[in-house]
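Participant: My questions concern the predicted model and sequence given below.
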Amino acid sequence: MGLKRDLPVHQRSLYSWIFTGKWYLQVLLVLVILALVALNVLPLEIQKRIVNEVLALGNVQQLVVYCLIYLLAVLLSNLCKLTVNGLQTLIGQRALTDMRKELYQHILRLPLSFFRKTPPGTVVASLVTELAASANFVGGAVAVPLSNILMLLAIGGFLIWLHPLLGVVTLSIYPIALLVVPLVQRGVNTANKKRVDASNRMASRITETISGISEVHAQGSFQTEEQSYNTIVEKLFRIRVVWSLYRFGVKVTNNLFVGLGPVVVLLLGGYLLMQGETELGSIVAFLSAQEKLYTPWKELIAFYQTQQDASVRYHKIMQIFDGRPEFMLIGDQPATAPVRGKIEIKDVEFVTTNGIRLLDQVNLNLDGGEHLALVGFSGSGKSTLAKCIGQLYVHTDGKLLLDGSSVSEMSKEEIVRSVGFISQEPFIFSGTINDNLLYACNAIDEFPERDIPKISPSLDDKIAVLQQTGIFVDTLRFGLNSILDAKTHADLEKRFLKVRQNFQQNFGAEFGEHVEFYREDAYLYYSTIMENLVFGSLHGDYHLTDLKKNKDFISFLDTGNLKAPLLETGAELLLQTIDILGRDVPRETVFFEQTPILPDTYDDYLDLADRLQGASPLDLPKKLQLRLLKPAFNYIPARHKIIDLQPQLENLILNGRRAFREWSQDNSAFDVTFYSDTEYLRSQSILNNIFYGNLTSDSPKVEDRVNQCIVLLLIEEDLLERVAAIGMEFDVGNRGDKLSGGQQQKLSIARVLLKKPKVLIMDEATSALDNASQARIQSLVENWKGSTTVISVIHRLDLLPSFDKVAVMKSGKIIEFGEPETLIANQGVLYELIHGKKR
Amino acid sequence: MNISRSEEQGVVILSPDGRLDSNSAPSLEQEIGTISYGNDGHHLLLDFSKVEYISSAGLRVVLKTVKERQSASKSFAVSNMQEHVREVFEISGFDSYVSIHPDKVQALNSFT
């Protein structure tokens, strides 16, 4: 078994999984099965005795005893069956889990060339669907054949013992079935192989289309995609029908043979009984044994089908994943970080499995700390060379040395400790910014314990790379927009309150005309009436909108003499809106900026206005009153200039604010945190807590200045890094879809810089960034001359002067190599690339 | 952190090397403290060309220096900031308090 375990997973046979894992479960299973067989034969004997002895003698007591024994046997046998099923499931599912783990481990390490030819859909279908059939087989691999063969032998033996001639004739049907059934099964297997292929094709087609869905939308190629999908689905339909027919064919063939059993017993048994060569009890036992024979036989045939199915699928899957990793994960020698980062490339070639030569006799030497630019036309092999140096591809010939060691023979651990590879297409994993930032460092730290200390970057390390790559400001903004988790950051609430106070003290005067700070005794002209009234935020799943519809709240308004003036305000807003906009105004936001009535609800309000003709709002039915209250609740005096805020209403609302506070404390349905100068608002973002007011200006300059002041205060209170850390907990979404393309690329650069590699390979790493961001990263990298070896595939030739060396590539060869100034002065190929072809 | 000190045209130039974080900020603060800004004192230039990272601790030292020297006869400037360091100065509005120069020559000229 030890040898088998060492085989790569794709070379293991299906049968090798039967005893891997918990062998004692299989043994236990066999024992339970033996008990089960015994319990199944017992009723037959009891039955015979009852007919032959008890009924003849008329012994009632004996009859009851036998029946009880019969009943007990049935009970116990079912209990055993339950145990057998449980054990089978356990063994099968365990084996499936192990298979899935080992196969996934194997797949992840397969060379990148494998993934170029294998669509992800095939990998998904194999691991998720096809492999599952193996569990059924492995679970029953010992139990089913053993139990059923034993059962057949036991019952068969009993029948032969009962009446040898009748027994042999009855049993002779089964060997004939054994000859015919496999013939039909062959058809099942052929169809099954086709089905696996077609299913994989379907899975691949789906994943390809879904991955390229934006291209499908861009080109409107829905029908093209549907057609190619439909073709596969139709083909799968035909294959599945044939497959199912063959599978039923196996069952029917088998049933046919088994159905002959009772006929033989009746014919031969009846004849023998008439001749007086057997007794009635035996015939009854024989007929009943037919039933008992049929069950194990049926299960055996079903298992045979399971085994064939699993075997076909298993071999198909393992065939797909045939291949070996091109590198060792962990070397025999303890991994050490390279000291210099010197790179020697001699006669390196790279030929793909299809025989395409991507690198041809490449020669290149780079001293530790030197910076090399790889330039050339598309398809010239720049990226391939970069990938060979990073061990993403393994060169097929020549020497490629890093500090004297052959890159192809270095373990993955050694490579990732020393080489940082940043690829052209950034890939951001789901999780937080922090998760993505630590991705490369954690990978290194997860290698087995070494003498080398773990990288575990500090908060300052992380912030430094965020600043270097230019996503610090974004991260800080994510932090400021976060709602503080009171449990984990309880200490911060007071400190942010301090920042709020400082903001008002230091900058209150500066922003006097641009900010309306929250004051308990002042009306907020840049907030809605509702916000003015509540002057706080609701907890839990409640929002202000829920309150607006709440019966208790409406009756609170009524008792507080607020409902009538609010209804009147609503009516005034409505009539003024109609008066100014007219009834036929286009239902577009731009026309509705000065009114709290939303364009898509305007028609409803026109109807409401008709109902208001000559009637008091208080006479309206309750439902319409609620509708009329809505614009009043949403009325922001400074924005909705369509009417003026009446001083009486302002006073009423301010008084209402105090009344609401008392009311809500008695009304436990709503938990409200009231705005207070001395309290942190837990349901609001950090920014809102610091700012604690409304910005009254739309000018971006004012907003920038507010942000600057807040950052300054955070620095003074030593909170800048804490807020950045909170921002790093921002969830980037599936594949980082909550980040922009630029942010994704910056983050993917940051995670490599964080591990401080000795050799940095950048494969057009900044291509998704704007010019300023590219230049920023370029000037950052330039600072590392002499300490970090850099190999950078670049398209922007204006960046060349900052490199020590440049290699110009064409058709897999380096056609020019040297210092950029020298090459340009020589007016060779590089010169042509920069200035266009010489005339 | 290594802070090298030189003097040119009556200006003391401090060049911190490496990361200016909560560990190294106190030593910069101490070094700055030795340069007087009274009538007999010196102008001060922080050459940031070798500063890879500045945390809020480092920024507070800069801010404190600005405040101390604001009303004094000897002024203070920062030069040669790497772009990502300069960005931190910008987002906090530090660049409006601190006189920042792209290189040493321009910084030295600003003192005269």
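Facilitator: The structure has been received and is ready for your questions.
Participant: which ones are touching the residue of the stretch 51-200 of chain A found nearest chain B?
Facilitator: Closest to chain B within the stretch 51-200 of chain A is A:Leu112: 32.9 Å, counting by C-beta to the nearest C-beta. Just so you know, the C-beta spots here come from the backbone N, C-alpha and C atoms, and that holds for glycine as well. A:Leu112 sits next to A:387, A:392-393 when contact means C-beta atoms under 8 Å, 6 or more residues apart in numbering or on different chains.
Participant: Can I get the residues you listed in JSON lines including distance to chain B?
Facilitator: Formatted as JSON lines, the contacts of A:Leu112 follow (distance: C-beta to the nearest C-beta, whole Å):
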{"residue": "A:Lys387", "distance to chain B": "29"}
{"residue": "A:Leu392", "distance to chain B": "29"}
{"residue": "A:Tyr393", "distance to chain B": "33"}
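Participant: closest to A:Asn694 among those residues?
Facilitator: Nearest to A:Asn694 among these, counting by C-beta to C-beta, is A:Leu392 at 53.1 Å.
Participant: Touching, the closest one and A:Phe421? I think so.
Facilitator: Yes. Between A:Leu392 and A:Phe421 a contact is recorded at 6.7 Å, counting by C-beta atoms under 8 Å.
Participant: Closest one of the contacts of A:Leu112 to A:Gln648?
Facilitator: For the contacts of A:Leu112, the minimum distance to A:Gln648 (C-beta to C-beta) is 74.6 Å, reached by A:Leu392.
Participant: What count of nearby residues applies to the closest one?
Facilitator: 20 (other C-beta atoms under 10 Å in any protein chain shown).
Participant: How about A:Thr295?
Facilitator: Neighbours around A:Thr295, by other C-beta under 10 Å: 14.
Participant: State the next helix or strand along the chain beyond the one helix or strand it maps to.
Facilitator: Using DSSP states H and E, A:Thr295 maps to helix A:280-320. With elements assigned by DSSP H and E, the helix or strand that comes after helix A:280-320 is strand A:343-351.
Participant: Which residues does that next one contact?
Facilitator: Residues contacting strand A:343-351 (C-beta under 8 Å, 6+ apart): A:357-366, A:381, A:384-385, A:388-389, A:393, A:395-402, A:404, A:759, A:789, A:791, A:812.
Participant: Which ones among the residues you listed lie within strands?
Facilitator: Cross-referencing those against strands under DSSP state E gives A:357-366, A:397-402, A:759, A:789, A:791.
Participant: Which among those residues count as buried?
Facilitator: Among those, those buried by neighbour count (16 or more other C-beta atoms under 10 Å in any protein chain shown) are A:358-360, A:362, A:364, A:366, A:398, A:400-402, A:759, A:789, A:791.
Participant: Mind putting those residues into TSV with pLDDT and distance to chain B?
Facilitator: Putting those into TSV (pLDDT from 0 to 100; distance: C-beta to the nearest C-beta, whole Å) gives the following:
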residue	pLDDT	distance to chain B
A:Leu358	94	36
A:Leu359	95	36
A:Asp360	93	40
A:Val362	94	34
A:Leu364	93	30
A:Leu366	94	24
A:Gly398	95	38
A:Leu400	95	31
A:Leu401	94	30
A:Leu402	93	26
A:Val759	95	19
A:Thr789	96	19
A:Ile791	96	22
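Participant: can you put those residues in CSV and add distance to A:Leu645?
Facilitator: As requested, those are exported to CSV (distance: C-beta to C-beta, whole Å):
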residue, distance to A:Leu645
A:Leu358, 73
A:Leu359, 75
A:Asp360, 80
A:Val362, 77
A:Leu364, 76
A:Leu366, 73
A:Gly398, 82
A:Leu400, 77
A:Leu401, 79
A:Leu402, 74
A:Val759, 67
A:Thr789, 68
A:Ile791, 67
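Participant: helix, strand or coil for the residue nearest the centre of chain B?
Facilitator: Taking C-alpha atoms, centre = their mean, the centroid of chain B lies closest to B:Leu46, which sits 3.1 Å from it. Secondary structure, DSSP: H, G, I helix; E, B strand; the rest coil: B:Leu46 is strand.
Participant: Touching, it and B:Val62? I think so.
Facilitator: Yes. Assessed by C-beta under 8 Å, B:Leu46 is found in contact with B:Val62 at 7.3 Å.
Participant: what is in contact with the two at once?
Facilitator: B:Val78.
Participant: where does chain B dip in pLDDT?
Facilitator: For chain B, not a single residue meets the criterion pLDDT under 70.
Participant: Chain A contacts on that one?
Facilitator: B:19, B:21-22, B:52-53, B:55-57, B:59-60, B:63, B:82-85, B:87-88, B:91-94 (C-beta under 8 Å from any C-beta of the partner chain).
Participant: Swap in 10 Å and give it another go.
Facilitator: Neighbours of chain A within chain B, by C-beta under 10 Å from any C-beta of the partner chain: B:19-23, B:49-50, B:52-60, B:62-63, B:82-85, B:87-88, B:90-97.
Participant: Can you tell me which of those are buried?
Facilitator: For the residues of chain B next to chain A, buried by 16+ other C-beta under 10 Å: B:19-21, B:50, B:52-60, B:62-63, B:82-85, B:87-88, B:91-95.
Participant: Please narrow those residues to those residing in strands.
Facilitator: Using DSSP E, these in strands are B:19-20, B:52-54.
Participant: if we take these, which one ends up nearest to chain A?
Facilitator: B:Tyr53 (4.0 Å).
Participant: Just list the residues touching that closest one, thanks.
Facilitator: B:Tyr53 is in contact with A:460-461, A:463-465, A:467-468, B:18-21, B:24, B:82, B:84-85, B:88, counting by C-beta atoms under 10 Å, 6 or more residues apart in numbering or on different chains.
Participant: same question, A:Val184
Facilitator: A:246-254.
Participant: In a markdown table: those residues, plus pLDDT, distance to A:Ser555 and secondary structure.
Facilitator: What follows is the contacts of A:Val184, written out as a markdown table (pLDDT from 0 to 100; distance: C-beta to C-beta, whole Å; DSSP: H, G, I helix; E, B strand; the rest coil):
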| residue | pLDDT | distance to A:Ser555 | secondary structure |
| --- | --- | --- | --- |
| A:Tyr246 | 94 | 73 | helix |
| A:Arg247 | 92 | 69 | helix |
| A:Phe248 | 93 | 69 | helix |
| A:Gly249 | 92 | 75 | helix |
| A:Val250 | 91 | 74 | helix |
| A:Lys251 | 89 | 71 | helix |
| A:Val252 | 91 | 74 | helix |
| A:Thr253 | 89 | 78 | helix |
| A:Asn254 | 87 | 76 | helix |
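Participant: Let me know the pLDDT of the closest residue to A:Ser748 other than its chain neighbours.
Facilitator: Nearest residue to A:Ser748 in three dimensions, chain neighbours excluded: A:Pro426, at 3.6 Å (C-beta to C-beta, 6 or more residues apart in numbering or on different chains). Per-residue confidence at A:Pro426 stands at 85 (pLDDT).
Participant: State the number of residues packed around A:Pro426.
Facilitator: By other C-beta under 10 Å, the residues close to A:Pro426 number 22.
Participant: what about it, which SS state?
Facilitator: coil.
Participant: who's in contact with the residue nearest to A:Lys813 when sequence neighbours are not counted?
Facilitator: Counting by C-beta to C-beta, 6+ apart, A:Lys813 lies nearest to A:Asp360, which is 5.1 Å off, once chain neighbours are set aside. If you count contacts by C-beta under 10 Å, 6+ apart, A:Asp360 has them with A:347-351, A:381, A:397, A:811-814.
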